[in-house]
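Chemist: quick one: sequence plus predicted model below, questions after.
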Amino acid sequence: MKKLIAEGYQPIDTLIKPNTNNPWSWKDKLFLGLTPKDYMKQLFRNPFNWILAIIYAVGIPILVGRFIFGLGWATHGSYDYPWGLFLGWGLFVMVPLSASGFMMGTTVELFGRKDFKPIERLGLLNGLLGYFFAVVFLQVDLGQPWRLVYPMFVSLGPAAVLFLVAWHVATYLSVQIAELVPATSELMGWVKPKKFIKSIVLGLTIAGIILSTLHQGALGALFTYAPGKVHPLWYSAAFQWFHFFCSSIFGGLSMLIVVSTLSKWFLQWRCDANFSKNLDKITLGIAKGCSMALITYLVIKLVALAHDNEWGYLLTSWGQLYIFEIIAGSIVPLVLFTMAIRTGRAGLARFAAFIAVFGIALNRLNTALIAFNWHLYQEIPHWREFVIAITVYATYIVVYRAVLYRLPILYTWQGDSK
Amino acid sequence: MKKLNRRNFIKGSLAGGIATVAASGKAKKASAAGGDFGGYPESMGVLVDMTKCIGCRTCEAACNKEQGLPEPDKPFDDYSVFDEHRHGGLPRRTTEKAYTVVNRYNVEGRDHPLFRKFQCNHCNEPACLTSCFVNAYTKTPEGAVIYNPKVCVGCRTCMVACPFYVPAYSFTSAINPVVKKCIMCYDTRLKFGRPPACVESCPQGVMTFGKRKDLIALAHQKIEGNPGKYVDHLYGEHEVGGTSWMYLSDVPFDKIGFDMHLGKEPIISYVKDFLAMVPMVLCIWPALFTGFHLLSTRKQANKEESPKA
C-alpha cells in the first residue's frame, strides 16, 4: 500500500469517481478502486498475508478435522475440564475486549461527547467483530453447533445464566449491526437506512448498555455455578458479575486504544486527517476512562477479598499468581495511564493499554482454566486447540482488516449521503 | 375444669395470635427467599452403607447391562482396576461408558480397605438442571435427575456446575455428542416403583432403596443404634441442598474422597446474587441513562430555548 500511495493512489472515499461523473462500481469498492491485477499484487506484497497463509495451511485442515473426528480429537476437553481454550480465550477473553462498542456509543451518543466521534465507529466495529467471533469460537466448541438456536426457540431454560448470555449476545449483535448500518449506507450510497438508524440511535445505545451490563456480568456469573472448583481468590458469589463487568470497561477501552494504534501504524493510508490528528487527544481521553474503571475494579477486588475473608490464600502459591495478576494486569496499567494523562503522553497510554489487554486475558484465563479445578490437577490444552484458536483469531484479523479497508470507519465519507 | 376467665382468655388468644403471626411470618420468609425447593416430598432415594461393601463390582456389571453400555476394557471380575489411576493420581470416575464405578480406599487404622460406589447423587436441587439453558434436565417426583439428549446443545455447563463431577460427555462423537450419566434407571425401573439395577444386584445388601425421608430416619437409627461404628454424619442429607443418594461410613468422609466443603446450600443459591440483579438492570437502566442523556445535553437544550424566552 505504501508503494501505491507513493505512486499517487487515492483510496475511495466518495460515491463518484474523481474527475468523472461515473459512480464507483461495487467491483471498484471491493478491489479498493484498483484493478484486480493491482489488487492481487498488493496482496502478495504484504508480508503479513504470508504469515496468514502459513496459519491457514496448517490450521484449516485441523479445524475441519475437529468437525470430522470430534472434540476429543481436537481438544483436551475431559469430564473434569469440560471447557478449554476455545471458551477460555474465544469467549471469556474476546467478549470483554469487545466492550468498546457500548462504551463509545454511550460516550458519543448518550453523553454527547462529540469529540470522540472520530473513533466511535472503530469502537462499534471492534465490538461487533469481537462478539461475532466469540460466537464463532462458541460454534467451534459446542458439541452440536447446529443446535445453537435451541435455547431461543426449541427448548427454553430461562432460569440459567447461559440462557441470558445467549439471548443477550444475539440481541446485542443485532444492535451492533444496526449501529454500523450508517457506515455501510455511506459506502453503498443508501440514504433511508442511515436516516432511520439516526432516529433510533439513543434507543439502540441504551439497549446496548443494558445488554452489555448483563451479559458481561453473566459471563462472570457462569462461574458462580462452580463455587468449589474455581479458586476462592478468583471466585466471589456476590461480586463475580461486577468483577467481570467492571473489568470489561477498561478491557474494551484498552482494546480500542490497541486497535487504533495498530491502525495508525499499519493502516495509515486509510486514516483521514480527522482521525489521525485527533487520535492522541482521544487516546488520552479514553485513558481517563480506563483509569477510572481500573481503580473501581481494584477496589471491588479488594472488597471481595475482605467480604469472603480470603487474605490467607494470598500467602499460598495461588496467592502469588493472584498478586502477579493484580499488579501486572491492573496496578501497572493504572499507574501508566495516570502518568500518561498527567504528562499528556499518548504513547505511554498506548503502552498501558497493551498491558491492560494482557491483564484482562490473564484474569479470564486464570478464572476459566488455570485456577479452575485448583484442587484437582492442571490441564494443558491440546496443541490442536492452540492451532484452531490461532486460525479462528487470524480470521478475525482478516475480516477486521477487510472492513477497515473499505467501510468509512477510520475516515469520513466525502459523499452526498446525509 | 378450669374456668375461662377474662385474663386466661386474653392470655390464650395472645399466645395463639403470636403463634399465627410467627407461623405466617415464617411462611412468608420462606417464600421471600425464592421458595426453597428442598426436594419432592415423596422422592425416592438410596442409602449406601459403605461399611458393607466388599468391592465385587456386581453393581457396575448390572448398570452396564441395564443401560446397554458398551463392553468395558477389562471384565467386571478384574479387580486390577482398583489400582488404576487417571490424570492427577485420582481414582477412577464415571465415564461415557460407565455410569457407576466402585473405588478402593486403603484407610489407615482400618484392617481392610473401604470400597466406595460412585454415581450421580440425584440432588434435590441439581446444579446441572439449574445451569442448563435448554432445560435438558428434569428432576422427576420419584427423585431421579434425567436428561434429554435431543435438546442438548453441548455447552457442557452442567459439567462445570456439578459439584460432584458426575456428568460425562461423549467427546469422541462428532455427530451426536451427548451427556452421559446415571439416571437412577428411571425409564426401566424407577418409573414403575422398582429399585435401580445396581441396588437390586448387590449381593451384600449395601444399598437400601426407599423413600428419602424414611432413609434419613433409618440412617440416623443405624448411627445411634451402633455407637462407635459409624461416623456421625449422613453424607447427602444436607450437602448442596440434599441428595437422593446418601452414604454412611465408618471412616471420616474426607479420607475416602468425599468433598466436605460443599456446604448445605444448593448450587443455585450462589448464582441468585446475580439473577436478582437482572430485572433491576432491565428496569432501571433505561430511565437512568435517558436521564443522563438529558442531563449531559442540557446546555444545548437551554441554548435552543433561550432566544424564545
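Modeler: Thanks, I have the structure now. Every value quoted in this text rests on a predicted model; they were computed, and no experiment measured them.
Chemist: B:Glu144: how many residues sit nearby?
Modeler: In this structure residue B:144 is Ala, not Glu. 24 (other C-beta atoms under 10 Å in any protein chain shown). Backbone N, C-alpha and C define where each C-beta goes, glycine included.
Chemist: that one and B:Cys123: what is the separation?
Modeler: Separation of B:Ala144 from B:Cys123 (C-beta to C-beta, to the nearest Å) stands at 11 Å.
Chemist: how about the residues of the stretch 51-200 of chain A by chain B?
Modeler: Residues of the stretch 51-200 of chain A lying close to chain B (C-beta under 8 Å from any C-beta of the partner chain) are A:67-73, A:75, A:77-80, A:82-83, A:106, A:110-112, A:142-145, A:147-148, A:150-151, A:154-157, A:159-166.
Chemist: now list the buried members of those residues.
Modeler: A:70-73, A:75, A:77-80, A:82-83, A:106, A:110-112, A:142-144, A:147-148, A:150-151, A:155-157, A:159-166 (16 or more other C-beta atoms under 10 Å in any protein chain shown).
Chemist: just the pLDDT for the residue in the stretch 201-309 of chain B positioned nearest to chain A.
Modeler: Residue of the stretch 201-309 of chain B nearest chain A, by C-beta to the nearest C-beta: B:Phe274 (3.7 Å). According to the prediction, B:Phe274 has pLDDT 88.
Chemist: so which strand or helix has it?
Modeler: Per DSSP states H and E, B:Phe274 falls inside helix B:268-296.
Chemist: and that helix, what does it pack onto?
Modeler: With contacts taken as 3 or more C-beta pairs under 8 Å, 6 or more residues apart in numbering or on different chains; DSSP states H and E, helix B:268-296 sits against helix A:161-179, helix A:201-221, helix A:240-266, helix B:127-131.
Chemist: quick one: classify A:Ser185 as helix, strand or coil.
Modeler: Classification of A:Ser185 using DSSP: H, G, I helix; E, B strand; the rest coil returns helix.
Chemist: what about it, neighbour count?
Modeler: Here the number of neighbours of A:Ser185 (other C-beta under 10 Å) works out to 22.
Chemist: which residues of the stretch 51-200 of chain B lie near chain A?
Modeler: Near chain A, the residues belonging to the stretch 51-200 of chain B are B:87-90, B:93-95, B:127, B:130-136, B:148, B:151-157, B:159-161, B:163, B:165, B:167-169, B:171-174, B:176-178 when assessed by C-beta under 8 Å from any C-beta.
Chemist: now intersect those with the strands, please.
Modeler: Counting by DSSP state E, the part of those found in strands is B:168-169.
Chemist: report the buried members of the residues of the stretch 51-200 of chain B next to chain A.
Modeler: B:93-95, B:127, B:130-136, B:151-157, B:159-161, B:163, B:165, B:167-169, B:171, B:173-174, B:177-178.
Chemist: about what we covered before: would you turn the helices and strands packed on helix B:268-296 into TSV with mean pLDDT and distance to B:Gln300?
Modeler: Shown next, in TSV, are those (pLDDT from 0 to 100; distance: least, C-beta to C-beta, whole Å):
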stretch	mean pLDDT	distance to B:Gln300
helix A:161-179	88	22
helix A:201-221	89	14
helix A:240-266	93	25
helix B:127-131	92	48
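Chemist: point me to the residue of the stretch 1-150 of chain A nearest chain B.
Modeler: Proximity to chain B, evaluated over the stretch 1-150 of chain A using C-beta to the nearest C-beta, is greatest for A:Gly143 at 2.1 Å.
Chemist: give me the pLDDT value at the most centrally placed residue in chain A.
Modeler: Chain A has A:Ser98 as the residue nearest its centroid, 2.9 Å off, counting by C-alpha atoms, centre = their mean. According to the prediction, A:Ser98 has pLDDT 92.
Chemist: now do the one 3 residues further on
Modeler: Per-residue confidence (pLDDT) for A:Gly101: 87.
Chemist: shouldn't it be in contact with A:Gln176?
Modeler: Yes. Counting by C-beta atoms under 8 Å, A:Gly101 touches A:Gln176, with 5.4 Å between them.
Chemist: hang on, the earlier thing: how near is the residue nearest to the centre of chain A to A:Met104?
Modeler: Taking C-beta to C-beta, one finds A:Ser98 at 11 Å from A:Met104.
Chemist: pull out the buried positions in stretch A:23-34.
Modeler: A:24, A:29, A:31-34.
Chemist: restricted to strands, list the residues you listed.
Modeler: Assigned to strands by DSSP E, none of the buried residues of stretch A:23-34 qualify.
Chemist: would you format those as TSV with pLDDT included?
Modeler: Listed next are the buried residues of stretch A:23-34 as TSV, based on pLDDT from 0 to 100:
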residue	pLDDT
A:Trp24	80
A:Lys29	81
A:Phe31	81
A:Leu32	82
A:Gly33	80
A:Leu34	82
